[in-house]
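Visitor: Predicted coordinates and the sequence they were generated for:
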Amino acid sequence: MGIRDELQAEIAVAFDNDLKDAVCQFSGESFSEKSVDPVTEQVIGEKISYSGRGVLSRYRLDSIDGVNILRGDLKLTALTNEVSGKPGVDHLITAPDLLTGKSQQYKIISANTDPARAAYLLQLRRA
C-alpha cells in the first residue's frame, strides 16, 4: 500500500466520522468542445458530469489578497478516488452554500492536487 492509498483511507475514515458534519456532496460539469458549426457558429460538444464529496471551507483572512483569492472564494478539498471525474479550471461545481445550505453554483478558479495526488484542492468562486 503506497502513501496515496494510506492517506485516502485515513481521510475517508475522517470524512465518515470526525468530519462527517463538515463533508458535503457536490456535482461538477464541464463542456467539451467537439467542433463549431460553420453555418450557425454554435459550438457542438457534450456536457461532462461528475460528482464526489469533500469539505468546503472559507479561506483564512490573511490568504485573501484581492487579486488571486477574493473575499467570498471558497476552498473545496475532495479525495481524488471519490470524485467520479477530473475537476478543472472553469468547470462548474454545485455545492451547498455555507451559510444557507441551499444549492449554489461555483466556478473553479484553480484546481490542484496535493503532492501525493490523494486529494483535489479546488478554489471556487460564485458563478
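Guide: Noted; the coordinates are in hand.

Visitor: quick one: secondary structure of the residue nearest to residue 57 when sequence neighbours are not counted?
Guide: Counting by Cβ to Cβ, 6 or more residues apart in numbering, residue 75 is the residue found nearest to residue 57 once chain neighbours are left out, at 5.2 Å. C-beta here means a position set from N, CA and C on the backbone, and glycine is covered the same way. Three-state call for residue 75 (DSSP: H, G, I helix; E, B strand; the rest coil): strand.

Visitor: what sits against residue 75?
Guide: Taking Cβ atoms under 8 Å, 6 or more residues apart in numbering, we find residue 75 in contact with 56-59, 121-124.

Visitor: Now, of those, which are buried?
Guide: Buried residues within the contacts of residue 75, counting neighbours by 16 or more other Cβ atoms under 10 Å: 56, 59, 122-124.

Visitor: Can you report how many residues lie near residue 38?
Guide: The tally of other residues near residue 38 (other Cβ atoms under 10 Å) stands at 7.

Visitor: in what helix or strand does it lie?
Guide: For residue 38, there is no host helix or strand (DSSP states H and E).

Visitor: ok, it to residue 103 distance?
Guide: Per Cβ to Cβ, to the nearest Å, residue 38 is found 38 Å from residue 103.

Visitor: Quick check: mean pLDDT of stretch 19-26?
Guide: Over the span of stretch 19-26, the pLDDT mean works out to 94.

Visitor: ditto for stretch 96-112
Guide: Across stretch 96-112, the average pLDDT comes to 96.

Visitor: Could you give the bridge partners of residue 31?
Guide: Listed beta-bridge partners, residue 31: residue 47 (assigned using DSSP bridges).

Visitor: if I read this right, it contacts residue 44, doesn't it?
Guide: No - if you go by Cβ atoms under 8 Å, residue 31 and residue 44 don't touch, sitting 10.4 Å apart.
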